[in-house]
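Colleague: Next input, structure requested:
(3 chains)
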Amino acid sequence: MHDLYAKLKDHFPLGPLTEQRADLSFFTVGREHLRSVMLHLRDQEGFSHLVLLTAVDWIEDGVFQLTYLLNNRAACQDLGVRVMLPRENTSMDTIHDIWPTAATYQRELREMFGIDFPESPGVNDEFILEGWTGIPPYRREFDTKAFSEENFTHREGRETHDPAEHMKKQLYPDGE
Amino acid sequence: MKDELKKRVIKGPDGFEFEVDPIQDYYCSEPPKAHPPAYVKIVEDLFNWARSESLWILGYGTGCGAIEMRPLMTPRFDAYRYGVQWRATPRQSNLFIISGYLSVKTLKRVIRSYEQMPSPKYVVGLGSCTINGGMYWDSYNTIKKLEEYLPVDLYIVGCMPRPEALLLGFENLKKIIRAGKAEGANQYAENFEWYKANQKKVIHDWDMPDYNW
Amino acid sequence: MAYQPDRSQYPVKKEDGTLDIDLTSGKYLKLWQGPQHPGITGNMSVELTVCGDEVVEGKTHVGYLHRGFEKLMERRTFIQCFPIVCRICVPEPDFNEYCYAAAIEELAGIEAPERAHWIRTLILEMGRFNSYMMYLGGQAGSLGLGVIGQWTTYVRDLMLDRFEELTGARIYHMFILPGGVRDGLPDGFEKRMEETLQEAERVLEDVHDVMFKNAVFRKRTIGVGYIDPALFEAYGVTGPNARAGGVCKDVRKDQPYLVYPELDFAPVVGEDSDMFTRADVRRRDTLMSIDLIRQLLSKMPSEGPVMTKLPNVLHWTIPRGETYIRGECSRGEYGYYLVTDGSGFPRRVNVRGPSYTHAVALLERLIVNTNIADVAALMVSLHTYPPEIER
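Modeller: Next comes the predicted model:
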């Protein structure tokens, strides 16, 4: 993976390489270079399979991390390309002309995180939720328990036990 | 509301123009009515016996539980000998098994299917998700208490309940029907406003009628 | 051999790529093949625009089974996620447990013992067999051969009995945990499994005679539902869908995991990429799965620990990192992308199900120019399970 990284570093400015396993590595790239990096990886290096496109919400740093995971089946290598975007009014270039299946992933990110991909086909159509009027649910500031207790009637009589307290009482009944 | 459900004027292929109101066309013109029992008790007992021996399930697997309903129709557990079969459309069925959790999107379709079934009809809640939300109790997209939205006659506990538990559930449901206590459909008709208010609270994309034409 | 339709009645394409369909002209009809429909696998709906009997445009609607798993998992500790994780894919739940457990083991630096790997592979192969049995029943049922569904569900029930002996539950096992599996094999398991496998082979022979040599089945599936192999990479097609087109994509051979390097098997590949070949590839894959189960039971070490000691799971934190674990489930490539941030809760879990790429973009492309009666058969032939699309 290191020689591939060195080869890419000649053409594009990249962040440091994190090697998770022998066949899986991640690196960060700036948003302006993402499309050219993807085209280079697909056409010249043989990473023809887009495995997934997802986002991670680092709310304490104020960024969304978009992860594009690519797979080269012939060389048995996986490569994760990270892009850091600001959390407010996020929008990103679409890659649906490189991989048509990315349109589905981009639709889901638009609905669940609020990341806009202008010109992606059908990106504003409702995909999973229907009639949703709140903030995009996968963001960290959305509290799912509070939402569920407010909007749905719960059956009364539920008792909650904290597992750590329960085990402490069971193992050390005399107190410790 | 979607465009194709709004009231509009359509020009047919032969040039004739007519006004169309899809909501009024798709739905019944009156809200559901409560059906009183037969005048003579022995006739009602006969009807209840007949209804209990031919429970036809609507073929809609709303959630996880659908996977344990499939073995029920094979010779090993054999629900056919109890008179229970799967039917394709709501018009031909009188038992609706809500097999598991209901997301808000599915709840709307379940309500439409339920209202299309002819009376008398019964609802069975399968699994713990219909009772108190189950393990999705803190999810933003599933309902927690089924009887707020549909009248339920019987609950079967489990995650998943085995097919034998389902057969026991059918037996208990037959006992309830024969005793004349399965009044789910009449309850729905009598408390129609309350059920509709609960449904409207969770379904934000409401495009069903208010039956007030 | 691809089916070449008569395009003279076809609507014209506008400049932006969409079709010029005028719904008020009376020539087109909008049909909704929705969730309450006997011809739909799982809970998904397809909005069809038809002209006569030919589908002109289709839009898939998913989201009927959305429970927000990825959000729920952020609220639960690592070990509390296991009961939730197996409910993501209902007919074949063990893959979720394996991928999640392997991701946690990798990030936390835990090594599962050797015998646990063998038992995990056995469970995954049994799950694959169950999933294929459901597929065969569904594919035949969608074309009118209802008896195949009865036979395959019967055999699946026998395998669920073996699951119940081994793990204690029929459908959701929660048997594979980080650090290994919960328990070893019970006494006499090999003997009962051999009886089940012999019964399975007998039923599969019957299925081969009744389904694959049936004139109606052959006429309705040969040449129908053709996927061009050039689309496989663009649309992310994996698993038996791709292997039926001649592209040998099998994660068990390409990037082996668990004990697959020690097993002797060759991935099943087909030639024409139509519905019949896909069904045939899956049937032969089932026979290969039966053979793999026999190999596993004969080569498995009979002694040894099955679980390494974990740290106190209630106060367990995993250092910051991210990883992706993939496996070959019966439908294609199944993967878990896990991100941890040093606390006791996962930061982000993303489940990559194979139906995500098959059932939305690919189906909308394939459904054009099919008959209304073939839509259900096409959906089943791509072997989609909607729960893993919207999780």
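
Colleague: what sits against the residue of chain A found nearest chain B?
Modeller: Proximity of chain A to chain B (Cβ to the nearest Cβ) peaks at A:Gly131, 3.0 Å away. For glycine as for every other residue, the C-beta is placed from the backbone atoms N, C-alpha and C. Shown in contact with A:Gly131 (Cβ atoms under 8 Å, 6 or more residues apart in numbering or on different chains): B:104, B:203-206.

Colleague: For the host helix or strand of B:Ile97, which helices and strands make contact with it?
Modeller: With secondary structure defined by DSSP states H and E, B:Ile97 is part of strand B:95-99. Here strand B:95-99 touches strand B:56-58, helix B:66-69, helix B:104-116, strand B:122-126, going by 3 or more Cβ pairs under 8 Å, 6 or more residues apart in numbering or on different chains; DSSP states H and E.

Colleague: same thing but 10 Å
Modeller: Secondary-structure packing of strand B:95-99 (3 or more Cβ pairs under 10 Å, 6 or more residues apart in numbering or on different chains; DSSP states H and E): strand B:56-58, helix B:66-69, helix B:104-116, strand B:122-126, helix B:129-132, strand B:154-156, helix B:163-178.

Colleague: Least confident of the ones you listed, on average?
Modeller: Among the helices and strands packed on strand B:95-99, helix B:66-69 carries the lowest mean pLDDT, at a mean of 84.

Colleague: Quick one: distance of it to the chain centre.
Modeller: 17 Å (Cα atoms, centre = their mean, to the nearest Å).

Colleague: what does stretch B:87-95 give?
Modeller: With Cα atoms, centre = their mean, you get 10 Å for stretch B:87-95.

Colleague: buried residues in it?
Modeller: B:90, B:93-95 (16 or more other Cβ atoms under 10 Å in any protein chain shown).

Colleague: What parts of chain B come near chain A?
Modeller: Applying Cβ under 10 Å from any Cβ of the partner chain, we find that chain B lies next to chain A at B:103-106, B:108, B:131-133, B:136-149, B:198, B:201-207.

Colleague: what about B:Val104, how many neighbours?
Modeller: 24 (other Cβ atoms under 10 Å in any protein chain shown).

Colleague: Verify the contact between it and A:Asn151 for me.
Modeller: Yes - using Cβ atoms under 10 Å, B:Val104 is in contact with A:Asn151, at 9.4 Å.

Colleague: anything in contact with each of these two?
Modeller: By Cβ atoms under 10 Å, 6 or more residues apart in numbering or on different chains, B:Val104 and A:Asn151 have these common neighbours: B:140, B:143, B:202, B:204.

Colleague: now, the most widely separated pair of these?
Modeller: B:Ile143 and B:His204 (13.3 Å; Cβ to Cβ).

Colleague: that older thread, biggest separation within the contacts of A:Gly131, which pair?
Modeller: B:Val104 and B:Trp206 (11.0 Å).

Colleague: Spell out which residues are contacts of both of these two.
Modeller: Joint contacts of B:Val104 and B:Trp206 (Cβ under 10 Å, 6+ apart) are A:131, B:199.

Colleague: Please list the residues of the stretch 1-150 of chain C that sit near chain A.
Modeller: C:16-18, C:59-66, C:68, C:70-72, C:74-75, C:77, C:79-80, C:106-107.

Colleague: Among those, name the ones in strands.
Modeller: Secondary structure from DSSP state E places C:59-61 of the residues of the stretch 1-150 of chain C next to chain A in strands.

Colleague: Closest one to C:Val181 out of the residues you listed, please.
Modeller: C:Thr60 (37.0 Å).

Colleague: hang on, isn't the closest one packed against C:Leu378?
Modeller: No - between C:Thr60 and C:Leu378 there is no contact under Cβ under 10 Å: 11.7 Å.

Colleague: anything in contact with each of those two?
Modeller: With Cβ under 10 Å, 6+ apart as the test, C:Thr60 and C:Leu378 both reach C:46, C:363, C:367.

Colleague: Considering those residues, which possesses the most neighbours?
Modeller: Neighbour-wise, the shared contacts of C:Thr60 and C:Leu378 (other Cβ under 10 Å) top out at C:Val46, 24 neighbours.

Colleague: shaky segments in chain B?
Modeller: Residue ranges of chain B with pLDDT under 70: B:1-4, B:12-13, B:211-213.
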